Structures are given as C-alpha cells and as structure tokens.
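Engineer: Dropping the sequence and predicted coords here.
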Amino acid sequence: MPCLTLLHKPTKTFAQAIFSLALVFSLPCLTPLANAQSAPDQLILNISQGVLDEIKADRSVQSGDINRLNNLVDKRVMPHVNFQRMTALSVGRNWRSASPEQQKILMAEFRRLLLLTYADAVRQVTDTQIQVRPMRSKPEDTEVIVRTQVLRPGKEAIQLDYRLEKADGSWKIFDLNILGLWLVEHYRNQFQQVVGASGIDGLIRALQDKNQSLAASAGAKRAAN
C-alpha cells in the first residue's frame, strides 16, 4: 500500500512550513458579524495577532498536548475553515464515489492527520509577526488569495498564503500555500495513489495507520520531556 508522507522531508524548510501551519490551526474565533464585514486580507491580519497571543498564553498547547490543541481547533478554527471542501479537494475525483459514511471518516482522519503533523510546531511561536501583502480584489469576488509572510528575527521569512471563499457573507479558508506548495494539491497527489491501489477504504486505513504512528511518536516525545 502506498504510504502517506508529510509535506516535505525533515529539513529546515520543512520546520518552517509546519510552524506556519501551526498558526492556521490556532486561529482565534471571530464573531460571524466581524467575519462578514472584514475584507479577506484584513480578516487574516486581524486573526494573526490573536493566533500568537492564544498560543503564547497556553502552556499546554505549547507542550504539544494533542487533546488541548484539538479543543482549541474545535473552538477557534473550524467556524472559519470550509473543511469539507478542503477534504473533498484533497481526495479529488474519488470524493464523489465515497459514501456519506466514508466521507465523514475521511474528514475526521484528515483533520487528525493535520493536527498530529503540525502540533509540535506551535512550540516555535516566539517573537513572530505576520505581514499581509497588498491584494487586488473586486467586491463581487467570491474566491481570493491572501498572501502573507511569517517574520521572525534573524530567520528567513516564510511564505504563507490563504485561499478563501465567500459564502453566506463570510470568508472561509479552504486551502493553504506554504513556501510555494498548496496543501490540497500535495495531499491529493498522495491520496490518489492510495485510492488507485486500495480504494477509498484503503485510504481510510492508510490515514488511520499514519495517525496511529504519529500519535505514538508524539506521546513518546511528551513522556521524554
């Protein structure tokens, strides 16, 4: 069975990338009204400082506590991410052939994969600033890309771009670009290989196996600290 890999090999660039994604998976909660009234670039700018404050104030999240991070994501993140669309795009054309129950499991396991993959990176949040680049968009646009840089003193800036959609007056994230690599495209290439070899159930098993391995590794790290 084809195996699932992480975004990059464990290099300095990979460490920067997972740090960036840790910011996304700790977005602070904004009210629906504030979300609806904010331009997408202003929305990203507003939430970024809240991200940093939330992580710095929570020692459990900083220590890599998966349960605490999971609760934080439920409370702060999911209202501002179209995770069904993110998962569907990652699975690709095979999403439509999955049953409703399989789709539900795929969403849960993909979400857990992202949590486990990027939980350790939240420890790196220190002296960080987010710079939102100027964007051009029209009031009638329903999909936009907000381009940002993650800045840390003495370290290379990290490119982190957000693809957002507007639905029911609110902007929601459905894809991310880290250092030139779109998350959805990366996982779609992997998922299609697994589905081609083992079907949708094979993809579910591969995700579950990968998550079990990542969870065991995270538990061993926490026990050693």
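Structural biologist: Structure's in. What do you need? Owing to the predicted nature of the structure, the values given are computational and were not obtained by experimental measurement.

Engineer: Can you show me the helices along this structure?
Structural biologist: 12-24, 32-37, 40-57, 59-62, 66-72, 83-91, 100-118, 183-224 (DSSP state H).

Engineer: if I look at residue 202, how far off is residue 208?
Structural biologist: According to C-beta to C-beta, to the nearest Å, residue 202 stands 11 Å off from residue 208. Bear in mind the C-beta positions are built from the backbone N, C-alpha and C, glycine included.

Engineer: Kindly report the same for residue 198.
Structural biologist: 12 Å.

Engineer: for residue 200, same thing?
Structural biologist: 13 Å.

Engineer: More neighbours: which of those two?
Structural biologist: residue 200 (20 against 15; other C-beta atoms under 10 Å).

Engineer: quick one: the more buried one and residue 97 touch, right?
Structural biologist: Yes. The pair residue 200 and residue 97 passes the contact test of C-beta atoms under 8 Å, sitting 6.7 Å apart.

Engineer: Let me see the contact set for residue 92.
Structural biologist: Contact analysis of residue 92 by C-beta atoms under 8 Å, 6 or more residues apart in numbering lists 188, 191, 192.

Engineer: So which of these is the closest to residue 68?
Structural biologist: residue 191 (28.4 Å; C-beta to C-beta).

Engineer: where does the chain have low pLDDT?
Structural biologist: For the chain, the stretches flagged by pLDDT under 70 are 1-37, 47-52, 72-77, 119-126, 222-223, 225.

Engineer: Kindly recompute the last result at 80.
Structural biologist: 1-38, 43-56, 58, 61-80, 117-129, 218-225 (pLDDT under 80).

Engineer: List the contacts of the spatially closest residue to residue 143 that is not a sequence neighbour.
Structural biologist: Of all residues not flanking residue 143 in the chain, residue 165 sits nearest, at 5.1 Å (C-beta to C-beta, 6 or more residues apart in numbering). The contact partners of residue 165, taken as C-beta under 8 Å, 6+ apart, are 82, 85, 142, 143, 171, 172, 174.

Engineer: rerun at 10 Å
Structural biologist: Contacts for residue 165 were tallied using C-beta atoms under 10 Å, 6 or more residues apart in numbering; they are 40, 82, 85, 141, 142, 143, 144, 171, 172, 173, 174, 175.

Engineer: Quickly list what it is bridged to.
Structural biologist: Following DSSP bridges, residue 165 is listed with bridge partners residue 143, residue 172.

Engineer: Give the residues shared as contacts by residue 200 and residue 208.
Structural biologist: residue 105.

Engineer: which pair in the contacts of residue 165 spans the largest distance?
Structural biologist: 85 and 141 (16.9 Å).

Engineer: before we move on, back to that, spit out the residues that contact residue 200 and residue 97 alike.
Structural biologist: residue 91.

Engineer: Grab the nearest non-local neighbour of residue 105.
Structural biologist: Using C-beta to C-beta, 6+ apart, the nearest residue to residue 105 is residue 204, at 5.5 Å.

Engineer: residues contacting that neighbour?
Structural biologist: Contacts of residue 204 (C-beta under 10 Å, 6+ apart): 98, 102, 105, 106, 108, 109, 110, 194, 195, 198.
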